[in-house]
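In: got a predicted model here, sequence first, then my questions.
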Amino acid sequence: MSEGPAEQDPELLRRLLRAKDRMDAASDEDWPVGRLASVSGVSEAHFARSFKQAFGLPPHRYLLTRRIERAVALLRDTDLAVTEIAFQTGWGSLGTFGRTFRDITGENPGALRARARATAQGLASVPACIVRAVQRPGLTIAVSEKRRQEAVGINRATDDNADKEIR
Amino acid sequence: MNQGIDVVGLYVRDQDEALDFYVEKLGFTVHTDVRNGDYRWLTVQHPEQPSFQLGLFVPGPPMHDAATAQTLRAMVAKGAMPPLVLVVADCRTAAERMRARGVEFTQEPVDRYGTVDAGFRDPAGNGWKMIQAKR
């Protein structure tokens, strides 16, 4: 598949964008490929392939980045408990949330909250959606792959402790 | 005003469609609509902002070769163009009116940071943020 993004049909791209917008608007909901494909009016196989080609990452991974982005915003801007944030951003369990959050951002939710509050100043004149998007995590590899890479690296013991903290 | 920004343009996929959207659905007015052969210079204005024109242009000749035009059309269609911000007096009322006219909202109005904001797209894919003016 060497076809570049520029060769995708703009009409298809517009419909893929609609599916992406729907995930953005309700990232806490479940978005199986079938649901997304029906928003775009294409088959499931076509959707998964086209979405990745258009936006550079598979739809489920895009959804993860939006959920984490939203969780980061809630950690920074509200006093909601981490458990509550996990449920509001679409996770069924606190353990999964904490693990995924740390795998993606490299920090525990609590640690990120403390750091974000200490540093988030002076952005009041930038539209909120832009500020949030800037803080969206880049997820260029699968979370499972990120885990695998970290598992063979350093800090294994520290990671285990961090995991326990969240649970 | 003697100096300042006069025109900023958007790329759209179809100028008739864009004209219908910005004039009929958003309430802008046409400032200039002139043709030279296949080329069409089309700008609209916000009714309360007579010194600023929003250009609605299609990628293509004579400005772009076919491959460049195709790339630009693709970028617009997947929402990759820069952010646009519209300020309104009442975000919820405006959103309701616009939705009734068929505007595609990407984000419902929400209270945030002491104001209300919503998001919508034009038919081509350009994304707008609509923010309620702080009083």
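Out: The structure has been received and is ready for your questions. Because the structure is predicted, anything quoted here is derived from the model rather than measured.
In: B:Gly79 contacts B:Arg121, doesn't it?
Out: Yes: using Cβ atoms under 8 Å, B:Gly79 is in contact with B:Arg121, at 7.1 Å. C-betas here are computed from N, CA, C, even on glycine.
In: list residues touching both of these two?
Out: A:Leu17, A:Asp21, B:Gly127 (Cβ atoms under 8 Å, 6 or more residues apart in numbering or on different chains).
In: excluding chain neighbours, give the residue nearest to B:Arg101 in space.
Out: Residue nearest to B:Arg101 in three dimensions, not counting chain neighbours: B:Lys25, with 4.4 Å by Cβ to Cβ, 6 or more residues apart in numbering or on different chains.
In: what residues does chain A have near chain B?
Out: Chain A has residues A:5-8, A:10-11, A:13-14, A:16-18, A:20-21, A:24-25, A:54-55, A:124, A:127-130 near chain B, with proximity defined as Cβ under 8 Å from any Cβ of the partner chain.
In: in helices only, show me these.
Out: Mapping these onto helices (DSSP state H) picks out A:10-11, A:13-14, A:16-18, A:20-21, A:24-25, A:54-55, A:128-130.
In: so where's chain A uncertain?
Out: Within chain A, the segments meeting pLDDT under 70 span A:1-6, A:120-126, A:128, A:131, A:135, A:153-167.
In: and it, what are its domains?
Out: Residue ranges of the domains in chain A are recorded as A:5-56, A:62-166, according to automatic domain parsing.
In: same list (those domains) but as TSV, adding mean neighbour count.
Out: Shown next, in TSV, are the domains of chain A (neighbours: other Cβ atoms under 10 Å in any protein chain shown):
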stretch	mean neighbour count
domain A:5-56	17
domain A:62-166	15
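In: what's the closest of those to B:Leu72?
Out: Nearest to B:Leu72 among the domains of chain A is domain A:5-56; the distance by Cβ to Cβ comes to 9.1 Å.
In: run the angle between the lengthiest helix in chain B and helix A:10-25 for me.
Out: If you go by DSSP H, chain B has its longest helix at helix B:66-77. Put simply, helix B:66-77 runs at 30 degrees to helix A:10-25, going by axes from the mean of the first three to the mean of the last three Cα atoms, to 10 degrees.
In: what helices or strands is helix B:66-77 leaning on?
Out: Under the contact criterion of 3 or more Cβ pairs under 8 Å, 6 or more residues apart in numbering or on different chains; DSSP states H and E, helix B:66-77 touches helix A:10-25, strand B:7-11.
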